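[1] Sharing a model that was predicted from the sequence below.
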Amino acid sequence: MRRSIVVATFRSPFILAAVLFGMGIQAQAVGSAQCQQQGGPNPCTNPAHLYQKIYEVMVSTSANCTGMIQVFKTANPPVLDWTTNPVVGQGVIPNGTYNCIAARTDDIQTYVPAANELPGCTAGTTYTWDIFTPSTAPGGSTPPNGGTNFPAQGDNSNPPTSQHEDDPWSYMSTTGKTSNTSYTPDSPFLLSTPWVVGGDITHQIVLDFDGTIGSSTQYGTNCAPLDPPQFIIR
């Protein structure tokens, strides 16, 4: 079976591909679809396609996500299909052990299920969700290094007209929690291991989206926003 994974390969000190948060990771132990991969009861299915943009990536040696340094930034990112393992951009990163990773992405998540997940998910059908809304992110999002917090806007009451692109920041830290929102430096999602960059060594960032799409009564038995993927640095 074709696995729905995203792989980013880079070689220190130059990042060749930075694929991090641009998947609409929802920082919670069990997402809206209640998929088995995240400890829920539902088997769920995989994305055949997953579309989103990523604007910027920053890292910090501090688990508190302070003193972050820029790795990659673009003002006009393309909409990428993350299931094709795209190269996002290039940047320079010093050798070191990084305990916090942050990325700014658009919050409009579009995906196509690979198989039916009844009653609401139909294979080959495109679904679009605004994943950064006042209900999912009541504390808004705060840019790195003391940036000004901004509120979430939009909702999913009448997609796509009710949806609003906010481009929030998301954080992962070695001291984070799976129950955090991830949208502010003091509420990072859990980064299971630090990102160690040193020498001329090739690394990979792997996000496994198998089993993250399912229906949810919370969304009128429609296809729910993706559950979080499995995040691995190796």
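    In hand now; what should we look at?

[2] List the contacts of the closest residue to T184 other than its chain neighbours.
    Closest residue in space to T184, ignoring its immediate chain neighbours: T142 at 4.4 Å, by C-beta to C-beta, 6 or more residues apart in numbering. Glycine gets a C-beta too; all of them are placed from N, C-alpha and C. When contacts are counted by C-beta atoms under 8 Å, 6 or more residues apart in numbering, T142 touches 148-150, 169, 183-185.

[3] neighbours around S135, how many?
    8 (other C-beta atoms under 10 Å).

[4] Would you agree it is in contact with D155?
    Yes: using C-beta atoms under 8 Å, S135 is in contact with D155, at 7.2 Å.

[5] Now N180: phi and psi?
    Torsion angles at N180 (phi, psi; degrees, to the nearest 10) stand at phi -70, psi 170.

[6] Check what pLDDT it gets.
    With respect to pLDDT, N180 scores 83.

[7] what about it, distance to I108?
    For N180, the distance to I108 equals 22 Å [C-beta to C-beta, to the nearest Å].

[8] cool, F189 as well?
    20 Å.

[9] looking at the chain, which helix or strand is least sure?
    Counting by mean pLDDT, DSSP states H and E, the weakest-scoring helix or strand in the chain turns out to be strand 14-15, with a mean of 34.

[10] Low-confidence bits of the chain, can you list those?
    Low-confidence segments of the chain, defined by pLDDT under 70: 1-43, 88-90, 199-208, 215-221, 227-234.

[11] can you pull the buried residues of stretch 181-194?
    Neighbour counts over stretch 181-194 (16 or more other C-beta atoms under 10 Å) mark 181-185, 187-191, 194 as buried.

[12] Determine the three-state secondary structure at the nearest residue to L80 once chain neighbours are set aside.
    Closest residue to L80 apart from its sequence neighbours, by C-beta to C-beta, 6+ apart: P86 at 4.5 Å. Following DSSP: H, G, I helix; E, B strand; the rest coil, P86 is assigned to coil.

[13] How about T83?
    helix.

[14] Numbering from 4 from now on, please.
    Happy to do that; since the first residue is 4 now, the last one works out to T86.

[15] For it, the count of nearby residues, please.
    Neighbour tally, T86, other C-beta under 10 Å: 22.

[16] ok, it touching T113?
    No: look at T86 against T113 with C-beta under 8 Å: they stay out of range, at 11.9 Å.

[17] intersection of neighbour lists for those two?
    L53.

[18] quick revisit: as TSV, the buried residues of stretch 184-197 with distance to G214 would be great.
    What follows is the buried residues of stretch 184-197, written out as TSV (distance: C-beta to C-beta, whole Å):
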residue	distance to G214
T184	23
S185	21
Y186	25
T187	28
P188	30
S190	26
P191	24
F192	19
L193	19
L194	21
P197	27
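
[19] now the helices for this structure?
    In the chain, no helices are defined using DSSP state H.

[20] Just confirm P116 contacts T48, I think it does.
    Yes: between P116 and T48 there is a contact under C-beta under 8 Å: 5.2 Å.

[21] and for the two, which residues touch both?
    Taking C-beta under 8 Å, 6+ apart as the criterion, P116 and T48 both touch 124, 126, 216.

[22] For Q73, state which of those residues is nearest.
    Looking at the shared contacts of P116 and T48 and their distance to Q73, the nearest is I216, at 32.6 Å (C-beta to C-beta).

[23] Appreciated, that's everything.
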